[in-house]
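K.L.:
what shape does this take:
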Amino acid sequence: MRPIFITLFLFFAIASCTQKKESLFNGETLDGWTVYVEDPSVNPEEFFYVNDGMIETVGVPVGYLRTVKEYSDYHLHLEWRYPEDPTNSGVFLHTTGPDLIWVAHYQAQLKFQNAGDFIVHGVGVSATLNDTVYVSTGEVKPLIPKMNSTNEKPAGEWNSYDITCMGETIEIKVNGLLQNRAFNCSLTSGSIGLQAEGSKIQFRNLWIEPIN
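P.N.:
The predicted model follows:
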């Protein structure tokens, strides 16, 4: 009964939103974001940057873009595509702590053909999926596969993530299809991040809507 109850709770919570959507990207600058790149010799402005109204990263070396502001209880929407060879990336949720590879967070996976997988990162960070409790040790980062087969579009085409974070619950939809649901998340707030891990990837139409 719990999944049905939680789903209904999230539905009515979202329906009761009275606050306006907040754009996370103005299409021109990366104001409100900070860049962390593993290699200190890399210029952060050449690692993540704005290209034709999109957020873009070259993807190597590894690193991430992170919002300065922290969030809790929200619906997040974003769109992504790999303009060239598709490899790996991710969306960080409830990102907490000092910057490092990798900072504590939950990850909505963006590895090609694996969008919707859920990853638990950070020492002691935990979540329950499919009645199993997953705890990260730092070195061990549990990856929980998506519910359904891949529904991503081919490289070069746009995909969407719709992610609802409410209390200790996180739901992830890929192109409108529910692909994962986590309960009892030990992290319930933090910044939002975009990962660079392999090749060029682009993001657009990023917004967040608070849930009362």
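
K.L.:
every contact and neighbour count from this point should use C-alpha atoms.
P.N.:
Will do.

K.L.:
state the distance from the residue nearest to Gln109 when sequence neighbours are not counted to Glu28.
P.N.:
Once flanking residues are discounted, Gln109 sits nearest to Gly90: 4.6 Å by CA to CA, 6 or more residues apart in numbering. From Gly90 over to Glu28 the distance is 22 Å, taken as CA to CA, to the nearest Å.

K.L.:
those two: which has the busier surroundings?
P.N.:
Gly90 (23 against 13; other CA atoms under 10 Å).

K.L.:
which residues touch the more buried one?
P.N.:
Applying CA atoms under 8 Å, 6 or more residues apart in numbering to Gly90 gives the contacts Gln107, Ala108, Gln109, Leu110, Lys111, Leu194, Gln195, Ala196.

K.L.:
ok, residues contacting the longest strand along the chain?
P.N.:
Determined from DSSP state E, the single longest strand within the chain is strand 201-210. For strand 201-210, the surrounding residues in contact (CA under 8 Å, 6+ apart) are 17, 19-25, 27, 53-59, 72-83, 86, 89.

K.L.:
filter these down to the buried ones, ChimeraX style.
P.N.:
To isolate the buried ones among the contacts of strand 201-210 in ChimeraX, judged by 16 or more other CA atoms under 10 Å, type:
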select :24,25,27,53,54,55,56,57,58,59,72,73,74,75,76,77,78,79,80,81,82,86,89
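
K.L.:
so the nearest residue to Phe203 once chain neighbours are set aside, which state does it fall into?
P.N.:
Ranked by CA to CA, 6+ apart and with sequence neighbours excluded, the top spatial neighbour of Phe203 is Trp80, at 4.5 Å. Put simply, Trp80 is strand when judged by DSSP: H, G, I helix; E, B strand; the rest coil.
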